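[1] Provided below for reference: sequence and predicted model.
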There are 2 protein chains.
Amino acid sequence: MRDQLGVDVSKLRIVLAEDQALVRGALAALLGLEPDLAVIAEAGDGRAALALVESLQPDILLTDIEMPLMTGLELAQQVKTLRLPTRVVIVTTFGRAGYLRRAMAAGVGGYLLKDAPSEQLASAIRRVASGGRAIDPELAMAGWDGDDPLTDRERQVLRWAGEGKSSAEIAGLIHLSEGTVRNYLSEAIGKLGAANRVEAARLARDKGWL
Amino acid sequence: MRDQLGVDVSKLRIVLAEDQALVRGALAALLGLEPDLAVIAEAGDGRAALALVESLQPDILLTDIEMPLMTGLELAQQVKTLRLPTRVVIVTTFGRAGYLRRAMAAGVGGYLLKDAPSEQLASAIRRVASGGRAIDPELAMAGWDGDDPLTDRERQVLRWAGEGKSSAEIAGLIHLSEGTVRNYLSEAIGKLGAANRVEAARLARDKGWL
DNA sequence: ATGCCTTTGTGACATTTGTCAGCTGCAAGT
DNA sequence: ACTTGCAGCTGACAAATGTCACAAAGGCAT
């Protein structure tokens, strides 16, 4: 079945957004193996992807999160606020709870990890295209446990600590006394069950709390 | 042309190593589009990949760098020291100078970035299979700046320190005394001009010295 | 055997880090 | 006005970290 432009309208029309060209091409090849799916356009950054989605109004936008100019999460948010008919599927390396939460808030239809078996991709896309949801099972479970327990100050201080700054340096950077910085760090370490500032920073980063 | 097992021997036989299953499947699909290339096995970590290369002796090993159990660089080194006939092509996200240098030292035939256009992959593989080299042009230029000043021990110790392990924990992990660990750390901090272990780890990581 | 590396270990020391209890001032709420 | 809570600060202390000088053991070349 084809429309007047020669596009097979019985296929699901997909726009693909991923910054690493090689991976983008490979994903396109993978989807190309499915007879009912068609990648109609590709983008290497978020802004280009948004333009394509607006002009082409595809059935599905398949997007990475970490991209230049606009992240996949911001992109999904835009698609929602612009009331575009396209449904969004996110594919990312990072199973961070915070990412998933933001994705759900942006109304995405699917959230897959790049660790997932490749057979799963096509079926997830089909499910989402037909109005369903496809959340990586590992995340659907694990994701909803922790709410971010950190205060703004703790987050701020942890970020610098993770870079290797000393308490005194951090104090200078954010205009607090060194003692206060140590207190915040101690608080954060306690809340996260870490052994020291570095582990605490790593744990927070992994959870997507930054 | 087929051998007695039904394998088309006129095709280049490729083993694919990449930890993210979705990307691995996608790369396999991409290579599957080429009539003269055949992915005969896939692995999700370095150790499994080495076993496959030893038993199957493929023409090409296409591998990522950052993988569990054994990195792609260690893998390439093993292939070289075991005098296996397989030629190695590395595909990675990271254009770090140190990575490229170590890859060259391990005698790899190709080093591509995941940013490279996907059309380039197949031709790079063919070039390497026929005895040539395929180094990402951006890297071939830029790559040759700083030399890695770290010893193996220093590298090893820095890795754990960057994860937030204490000196005592690291000592236990690699069977040294705590004092020795502190000495190595101190050495590394000095060599890198860092203020502490965390900054040292970050600097080394950014340079690709890990 | 003699030196000369390198690797690993020790002991001592100053500094930084992590913890805790308690103080201050300020902005609500009641 | 009185309490409550929060953000920030201080001081004190034990533990971990960073630095240094030096010692023991092994490999290797001459």
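    Arrived safely. Residues are numbered from 1 along each chain as shown, chains lettered A, B, ... in the order given.

[2] from here on, contacts and neighbour counts on C-alpha atoms
    Noted.

[3] out of everything not next to it in sequence, what's closest to the residue nearest the centre of chain A?
    With distances taken as CA atoms, centre = their mean, A:Ile65 lies nearest the centre of chain A, 3.7 Å away. Nearest residue to A:Ile65, sequence neighbours excluded (CA to CA, 6 or more residues apart in numbering or on different chains): A:Gly72, at 4.0 Å.

[4] how far away is that neighbour from A:Ala124?
    Relative to A:Ala124, A:Gly72 is positioned 17 Å away (criterion: CA to CA, to the nearest Å).

[5] more neighbours, those two?
    Under the criterion of other CA atoms under 10 Å in any protein chain shown, the comparison of A:Gly72 against A:Ala124 puts A:Gly72 first, with 29 against 20.

[6] for the more buried one, give me its contacts.
    If you count contacts by CA atoms under 8 Å, 6 or more residues apart in numbering or on different chains, A:Gly72 has them with A:Gly46, A:Thr63, A:Asp64, A:Ile65, A:Glu66, A:Ile90.

[7] so is stretch A:190-198 next to chain B?
    Yes. Using CA under 8 Å from any CA of the partner chain, stretch A:190-198 reaches chain B at A:Ala195, A:Asn196, A:Arg197, A:Val198.

[8] which stretches of chain A form strands?
    Secondary structure of chain A by DSSP state E: the strands cover A:12-17, A:37-43, A:60-63, A:87-92, A:110-113, A:134-135.

[9] of all these, which lies closest to B:Ala116?
    Nearest to B:Ala116 among these is strand A:37-43 (14.1 Å), distances taken as CA to CA.

[10] and the closest one, which strands flank it?
    With DSSP bridges as the test, strand A:37-43 is paired with strand A:12-17 (parallel).

[11] buried sites along the partner strand?
    Within strand A:12-17, the residues that qualify as buried are A:Leu12, A:Arg13, A:Ile14, A:Val15, A:Leu16, A:Ala17, counting by 16 or more other CA atoms under 10 Å in any protein chain shown.

[12] my guess is the first one contacts A:Gln57. True?
    So the one you mean is A:Leu12. No. Counting by CA atoms under 8 Å, A:Leu12 does not reach A:Gln57; the two are 11.4 Å apart.

[13] excluding its own residues, what touches stretch A:155-172? List them.
    A:177-178, A:180-182, A:184-185, A:188, A:197-198, A:200-202, A:209-210, B:195-199, B:202.

[14] try it again at 6 Å.
    Here stretch A:155-172 makes contact (CA atoms under 6 Å, 6 or more residues apart in numbering or on different chains) with A:Ser177, A:Glu178, A:Val198, A:Ala201, B:Val198, B:Glu199.

[15] the fifth one and B:Gly190, how far apart?
    Taking CA to CA as the measure, B:Val198 and B:Gly190 are separated by 13 Å.

[16] neighbour count: these two, which is higher?
    Neighbour tally, B:Val198 and B:Gly190, criterion other CA under 10 Å: the higher count belongs to B:Val198, 25 against 14.

[17] ok, now which ones touch the more buried one?
    By CA under 6 Å, 6+ apart, the contact list for B:Val198 reads A:Gly164, B:Gly162.

[18] over to A:Gly131?
    Applying CA under 6 Å, 6+ apart, no residues contact A:Gly131.

[19] hmm, try it at 10 Å
    A:Arg87, A:Gly109 (CA atoms under 10 Å, 6 or more residues apart in numbering or on different chains).

[20] next one: it from chain B, what distance?
    Distance, A:Gly131 to chain B, by CA to the nearest CA, to the nearest Å: 23 Å.

[21] please apply the same query to A:Ile135.
    From A:Ile135 to chain B the distance is 15 Å (CA to the nearest CA).

[22] list the buried ones in the helix ranked longest in chain A?
    In chain A, taking DSSP state H as the definition, the longest helix is helix A:178-192. The neighbour-count check on helix A:178-192 (16+ other CA under 10 Å) flags A:Val181, A:Arg182, A:Tyr184, A:Leu185, A:Ser186, A:Ala188, A:Ile189, A:Leu192 as buried.

[23] same question for stretch A:83-99.
    Applying a neighbour-count criterion of 16+ other CA under 10 Å, one finds A:86-99 buried in stretch A:83-99.

[24] which ones, among those residues, also lie beside chain B?
    Restricting the buried residues of stretch A:83-99 to those touching chain B (CA under 10 Å from any CA of the partner chain) yields A:Val91, A:Thr92, A:Thr93.

[25] low-confidence ranges, chain A, go.
    Counting by pLDDT under 70, chain A contains low-confidence residues at A:1-9, A:138-148.

[26] isn't A:Ser52 up against A:Gly44?
    Small correction: residue A:52 is Leu, not Ser. No. Using CA atoms under 10 Å as the test, A:Leu52 is too far from A:Gly44 to be in contact (11.3 Å).

[27] what touches both of the two?
    Common neighbours of A:Leu52 and A:Gly44, counting by CA under 10 Å, 6+ apart, are A:Leu16, A:Ala17.

[28] counting neighbours, what do you get for A:Leu69?
    The burial count for A:Leu69: 12, using other CA under 10 Å.

[29] tell me the backbone dihedrals of it, please.
    Dihedral angles of A:Leu69 (phi, psi; degrees, to the nearest 10) stand at phi 70, psi -50.

[30] residues from chain A in reach of DNA strand C?
    Applying CA under 7 Å from any atom of the strand, we find that chain A lies next to DNA strand C at A:165-168, A:179, A:182-183, A:185-187, A:189-190, A:195-198.

[31] out of the ones next to chain B among the buried residues of stretch A:83-99, which one sits closest to DNA strand D?
    A:Thr93 (29.7 Å; CA to the nearest atom of the strand).

[32] what sits against A:Arg182?
    The neighbourhood of A:Arg182, defined by CA under 10 Å, 6+ apart, consists of A:Val157, A:Ser166, A:Ser167, A:Ala168, A:Ile170, A:Ala171, A:Ala188, A:Arg197.

[33] buried among those? Make that a PyMOL selection.
    Buried members of the contacts of A:Arg182, defined by 16+ other CA under 10 Å, are picked up in PyMOL with:
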select buried, chain A and resi 157+166+167+170+171+188+197
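
[34] just the ones of the contacts of A:Arg182 in helices?
    A:Val157, A:Ser167, A:Ala168, A:Ile170, A:Ala171, A:Ala188, A:Arg197.

[35] most widely separated two among these?
    So, those by CA to CA: farthest apart are A:Ala168 and A:Ala188, at 17.2 Å.

[36] now distance to DNA strand D too, for the ones in helices among the contacts of A:Arg182, in a markdown table please.
    A markdown table is the format used below for the ones in helices among the contacts of A:Arg182 (distance: CA to the nearest atom of the strand, whole Å):
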| residue | distance to DNA strand D |
| --- | --- |
| A:Val157 | 10 |
| A:Ser167 | 12 |
| A:Ala168 | 11 |
| A:Ile170 | 11 |
| A:Ala171 | 8 |
| A:Ala188 | 12 |
| A:Arg197 | 9 |
